[in-house]
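> Fold the following and give me the result.
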Amino acid sequence: MHEETSLTVGRVNRVLIERVRPAIHSARIPFEIGVHALSGEPIAPAEGIALGFEPFRAGSMWGPAWGTTWFRLRGQVPAEWAGRRVEALIDLGFDVNMTGFQCEGLVYRPDGTPVKSINPRNQWLTVTDKAKGGEGVEFYLEGASNPVLLDYHPFLPTQEGDILTSSPEPLYRVRHMDLAVFEPEVFELSLDLDVLLELQAELPETSPRRMRILKALDDALDVLDLQRIAETASDARAQLADVLASPAEASAHRIAAVGHAHIDSAWLWPVRETIRKVARTTSSMTTLIDEQPDFLYGMSSAQQYAWVKEHRPEVYERIKAAVAAGRFLPLGGMWVESDTVMPTGESLVRQFSQGQRFFEREFGIRSKGVWLPDSFGYSPALPQLMRRAGFEWFFTQKISWNQRNVFPHHTFLWEGIDGSRMFTHFPPMDTYNSQLSGMEVAKASRQFKENRVATMSIAPVGWGDGGGGTTREMTGRAARMADLEGSAKVEWKHPDAFFADARAELTDPAVWVGELYLELHRGTLTSQHATKALHRWAEHALIEAELWAATAAVRTGAAYPHEDFDRLWQLVLLHEFHDILPGTSIAWVHREAVEVLTGVLSDADELASVARKALAGEGDRELVFTPTSVGGALPLGAALTPSASGGSLSLSKGPDGYRLENDLVSVLISGEGLIVSAVDLASGREAIPAGKPANLFQLHQDFPNMWDAWDIDRYYRNRVEDLTDVSSITASDEDGVTKVVVTRSFSQSTITQTISLAPGSRTVLLRNEIDWHETEKLLKLAFPLDVFARETLAETQFGFQRRATHVNTSWEAAKFETSMHRFVLAQEDDGFGVALVNDSIYGYDTSRDADGDDVTTTVRLSLLRAPRFPDPDTDHGMHEIEVGMVIGADAAVATTEAITLNTPATVVHGAREVEPLISVDGDGIVVSSVKLADDTSGDVVVRVYESLGRRARGSLTVNFPHSGIREVSLIEDDLDDARTGGELALKPFEVRTVRIARS
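Predicted coordinates:
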């Protein structure tokens with residue numbers, strides 16, 4: 001036979017697009033439209049429905065950026081439509097390629113009952129399944145005119161990302177608001193053609209199955225009258241029945257589909273708009289659940305459920321009913337889909353505890369797995385935390401975005417820094433926004449890495465990021481691909497059931513050890529420093545406030561402010577969302593983040609202050625309240641009279657610059673404000689290589705290929721400016737601290753750096769006040785070190801991770817910008833090292849340099865960036881960043897200095913000293929938190945961890961009347977095999993949570 005494939009494919013494509021899909025709705029009449037544009041923020045639905053409305057015509061413009069416009073739609077079903085299914089068709093000015101990223105709306109009935117959302121891929125709503133001629137129709141639509149910021153030419157700077165700077169001009173033109181007759185057979189025909197057309201494209205070019213599909217498609221179009229689509233659709237479908245009924249091969253890949261929307265809690269829209277996005281999407285999904293008996297929809301993020309409960313209770317009732325029916329699936333067990341690289345371990349614990357407590361309180365269920373499809377890399381501490389919080393599985397797909405290396409597994413065990421392993425799955429479709437297209441389904445089957453030993457994968461199905469969710473077209477595709485020759489088998493399935501089945505069939509999964517590093521979006525460790533700094537400070541302030549509040553509750557009977565802590569933690573956790581803390585949201589989001597986190601910091605400080613005053617009483621005695629005991633003489637949670645500090649300290653000026661010296665270290669600062677020598681006096685070791693000064697600010701051009709706020713591309717290193725010019729340099733010796741103050745001006749910015757050394761300290765503190773007004777620049781602070789380091793040790797949650805300093809393989813070469821928490825350490829095999837500690841930054845890079853046979857290590861800290869999208873003024877303004885260079889450090893010293901920098905003691909005047917609630921001994925054992933139990937029982941909960949990567953033994957001593965000590969889970973659940981008593985035996989980096997019952 002002659003080759004006719006291209007003719008058939010072209011024919012079907014044109015008929016489907018130009019004839020069949022337009023015929024899904026036949027007769028149409030326009031609504032009578034009324035409009036009311038709000039001048040301010042959104043209002044409650046009841047208020048919107050009660051507004052006065054003015055006449056409006058389709059074809060008219062509406063909606064400035066971030067505006068809200070209420071539309072009233074009135075119509076009457078014609079008598080000749082009696083008995084037919086009637087739908088409303090609404091086009092607010094949509095671009096189908098911008099679903100979730102432009103205007104959208106939520107439709108209500110006159111009594112305030114939500115119907116469903118309207119968006120570019122979901123422009124219809126059911127009026128009646130069986131019309132009565134002459135019946136009246138009335139709907140109210142809350143329209144949100146959100147601007148398109150990620151346009152066809154993406155990443156262009158724009159002022160539309162903040163309501164304070166956006167344009168007041170209307171953005172959208174309503175195309176139509178109509179009543180229409182729905183033709184069900186035409187709709188089904190459109191899906192038949194769509195599924196078969198996409199399936200044949202994925203089959204071998206001359207396979208019998210493909211040829212028979214093409215023949216059936218031709219036969220169907222031969223009997224379809226293009227002028228009478230509705231009348232002949234059934235005949236056309238009959239020609240396709242046999243090829244659609246042919247069953248899948250016995251070995252076909254199996255896809256567990258779950259409805260999904262992945263609504264970003266903030267990104268290219270503010271939090272207030274996310275609240276409405278969630279309400280819109282969940283309205284549509286509960287409607288789809290009602291209409292599709294097999295469909296399951298999954299949604300993560302307890303915060304999003306809480307928003308709907310508070311702001312759209314009428315929608316929430318529908319969600320609760322669907323959850324109870326097992327059709328709407330709370331996933332993930334976290335407060336939000338957070339970043340997992342930068343939050344403290346305590347924050348991740350609270351993500352789990354707040355999320356699981358909400359789901360249990362509201363729905364009587366717990367999530368079995370952690371659902372994080374879109375975060376920008378995953379901490380190696382996470383497997384242990386998930387396991388100890390009671391989770392059984394982990395899901396993401398983001399690592400498929402790697403720039404260089406293809407991840408070798410889709411279903412595997414992920415091993416963390418302590419050896420804990422978590423059963424993990426990545427969908428081989430490489431998306432969390434599947435449409436169940438033929439291409440996606442074939443891709444899942446074709447590139448599933450475990451095809452030799454496993455048969456199944458997950459597909460999150462629906463429009464996401466900006467919401468929208470699953471459509472009836474997607475459920476139609478799923479029905480056709482449930483058992484279809486040439487296709488994977490698709491089934492709606494709860495992720496818990498998928499993971500149980502996957503684990504049962506894959507009895508010996510591969511193991512991946514260490515961080516899940518995303519080879520992309522490396523700039524998220526640095527963008528929006530103010531958000532990151534306030535978040536870090538708020539985390540530590542809340543942990544300290546809990547310590548003092550718990551101590552006050554036990555020692556004085558003061559009320560423990562459970563509700564205040566829940567409220568403040570929930571605000572912190574929200575801002576750990578993976579587009580807020582990483583600094584990749586619009587200006588509006590980060591403006592509000594700074595305001596909110598400043599308020600959290602203030603409230604946490606007030607809670608701590610009230611507790612400290614209750615403990616100290618009224619008096620003039622000076623007391624030092626110490627929130628940590630790591631490496632210090634004062635116990636954690638104590639308030640003691642300060643003792644005089646000892647040790648020598650000197651400051652001298654010579655021809656080579658300023659020398660700062662105490663009993664431990666001697667540091668030389670050049671006339672350019674650079675550290676040219678740093679000697680550990682006990683060993684005589686010089687930490688700075690000759691001719692390569694440290695404390696060197698370096699300015700790079702920073703213009704990535706795309707994803708401005710997200711990415712740092714490797715070629716940024718090719719252009720660098722050393723900032724060595726000094727505007728002024730002065731020195732002083734006051735209050736027991738030696739200081740050198742250096743001021744630098746460059747481009748549009750200035751840096752004032754205070755270099756200081758205190759008695760008895762091996763840490764040179766570098767306090768940087770930076771007035772930053774650069775564009776598309778990256779500011780680094782470089783420390784060449786005379787240290788032969790095979791690896792760096794970078795703090796992560798409850799421990800540290802080791803990273804090679806070489807680039808032997810493409811995996812190491814890809815890690816040219818990596819993460820830390822409060823310290824990074826470069827150390828030689830003999831134990832000598834230099835640590836860099838900080839109070840608010842997360843990114844660093846490492847390189848090895850050779851001068852002859854001498855190999856040195858350079859560690860550079862990333863301080864500030866200046867991308868122009870999505871916030872055109874990212875990081876502009878004043879920043880304070882404190883860094884410490886710890887000379888002669890090992891992991892224990894680095895840990896101590898990092899914790900001390902981030903949790904300083906507080907001096908209070910009162911009447912009495914305070915005995916700590918607990919004390920812990922044992923080398924390397926660190927107390928992470930002391931608090932009262934979440935269940936309000938009054939029990940004390942203490943969390944400890946091993947910090948040095950080795951086995952440790954110690955003990956926990958309780959200094960108040962108690963009736964028992966027992967181990968509990970991270971989220972304070974009882975354990976079947978709980979260890980009891982105060983003896984501590986910890987494996988490397990093990991985290992242990994104990995509960996102390998008060999007598």
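
> Which strands or helices does the helix or strand residue 782 falls within pack on?
Using DSSP states H and E, residue 782 sits in strand 777-785. Packed against strand 777-785 by the contact rule (3 or more CB pairs under 8 Å, 6 or more residues apart in numbering; DSSP states H and E) you find strand 696-701, strand 763-772, strand 833-838, strand 854-865. All C-beta spots, glycine's among them, are computed from the backbone N, C-alpha and C.

> And the helices in the stretch 351-500 of the chain, which stretches?
Along the stretch 351-500 of the chain, counting by DSSP state H, counting those that start in this stretch, helices occupy 382-388, 438-447, 472-480, 495-505.

> how about these in CSV, adding distance to residue 568, mean neighbour count and mean pLDDT?
Below are the helices of the stretch 351-500 of the chain laid out as CSV (distance: least, CB to CB, whole Å; neighbours: other CB atoms under 10 Å; pLDDT from 0 to 100):
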stretch, distance to residue 568, mean neighbour count, mean pLDDT
helix 382-388, 21, 25, 98
helix 438-447, 42, 20, 98
helix 472-480, 40, 21, 98
helix 495-505, 31, 17, 98
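
> Let me know which of these is the nearest to residue 549.
helix 382-388 (24.0 Å; CB to CB).

> buried sites along the longest helix along the chain?
With DSSP state H setting the assignment, residue counts place helix 587-616 as the longest helix in the chain. Within helix 587-616, the residues scored as buried using 16 or more other CB atoms under 10 Å are 587-594, 596-597, 600-601, 603-605, 607-608, 610-616.

> average pLDDT for the very next helix or strand once past that helix?
As assigned by DSSP H and E, the chain's next helix or strand after helix 587-616 is strand 621-626. For strand 621-626, mean pLDDT rounds to 95.

> sorry, back to before: just the residues contacting whichever helix or strand comes after the strand holding residue 782, thanks.
Reading on from strand 777-785 to the C-terminus, the next helix or strand found by DSSP H and E is strand 791-796. Identification of contacts with strand 791-796 by CB atoms under 8 Å, 6 or more residues apart in numbering yields 341, 379-381, 417, 515, 800-805, 818-827, 844, 846, 857, 859, 891, 894-895, 898.

> circling back: want to try TSV for the helices of the stretch 351-500 of the chain, with distance to residue 395 as columns?
Shown next, in TSV, are those (distance: least, CB to CB, whole Å):
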stretch	distance to residue 395
helix 382-388	11
helix 438-447	15
helix 472-480	19
helix 495-505	7
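
> OK, contacts around residue 34?
Contacts of residue 34 (CB under 8 Å, 6+ apart): 53-56, 71-74.

> quick one: it from residue 140, how far?
Distance of residue 34 to residue 140, given as CB to CB, to the nearest Å: 9 Å.

> Identify the contacts common to those two.
Residues touching both residue 34 and residue 140 (CB under 8 Å, 6+ apart) are 71-73.

> Sort out which of these are in strands and list them.
Using DSSP state E, 71-73 are the members of the shared contacts of residue 34 and residue 140 that sit in strands.

> Looking at the helices and strands packed on strand 777-785, which is nearest to residue 427?
Nearest to residue 427 among those is strand 854-865 (31.4 Å), distances taken as CB to CB.

> confidence score at the residue positioned nearest the centre of the chain?
Taking CA atoms, centre = their mean, the centroid of the chain lies closest to residue 578, which sits 2.1 Å from it. As predicted, residue 578 sits at a pLDDT of 98.

> Likewise for residue 9?
With respect to pLDDT, residue 9 scores 97.

> just checking, it touches residue 197?
Yes. Between residue 9 and residue 197 there is a contact at 7.0 Å, judged by CB atoms under 8 Å.

> Compare the two (neighbour count), which wins?
residue 197 (18 against 15; other CB atoms under 10 Å).

> secondary structure class for that one?
helix (DSSP: H, G, I helix; E, B strand; the rest coil).

> Surely it is in contact with residue 13?
Yes. Between residue 197 and residue 13 there is a contact at 7.0 Å, judged by CB under 8 Å.

> on that earlier part again, spit out the residues that contact residue 9 and residue 197 alike.
Shared contacts of residue 9 and residue 197 (CB under 8 Å, 6+ apart): none.

> which other residues reach the lowest-mean-pLDDT helix or strand in the chain?
Counting by mean pLDDT, DSSP states H and E, the chain has its least confident helix or strand at strand 638-640, which shows a mean of 85. Taking contacts as CB under 8 Å, 6+ apart, the residues outside strand 638-640 that touch it are 612, 615-616, 623-626, 634, 908, 910, 913-916.

> Restricted to buried residues, select those in ChimeraX.
The following ChimeraX line selects those of these that are buried, judged by 16+ other CB under 10 Å:
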select :612,615,616,623,624,625,626,634,908,910,914,915,916
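
> As TSV, the contacts of strand 638-640 with distance to residue 345 would be great.
Formatted as TSV, the contacts of strand 638-640 follow (distance: CB to CB, whole Å):
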residue	distance to residue 345
612	25
615	26
616	30
623	29
624	26
625	23
626	20
634	23
908	28
910	32
913	30
914	26
915	27
916	21
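
> Out of the contacts of strand 638-640, which one has the weakest pLDDT?
Among the contacts of strand 638-640, residue 634 has the weakest pLDDT, 56.

> what residues are up against the closest residue to residue 783 other than its chain neighbours?
Leaving aside its sequence neighbours, residue 783 sits nearest to residue 694 (CB to CB, 6 or more residues apart in numbering; 4.3 Å). Applying CB under 8 Å, 6+ apart to residue 694 gives the contacts 674-676, 678, 687-688, 782-785, 885.

> now swap in residue 79 and tell me
For residue 79, the contact set (CB under 8 Å, 6+ apart) comprises 133-134.

> can I assume residue 216 is in contact with residue 238?
No. Applying CB under 8 Å, one finds residue 216 not in contact with residue 238, separated by 10.2 Å.

> Between the two, which is the more surrounded one?
residue 216 (20 against 12).

> need the contact list for the more buried one.
Here residue 216 is in contact with 196, 239-240, 242-243 (CB under 8 Å, 6+ apart).

> Now flag whichever of those is closest to residue 727.
Distance to residue 727, by CB to CB, is smallest for residue 196 among the contacts of residue 216, at 72.0 Å.

> So that closest one is in contact with residue 239, correct?
No. Taking CB under 8 Å as the definition, residue 196 is not a contact partner of residue 239, at 10.8 Å.
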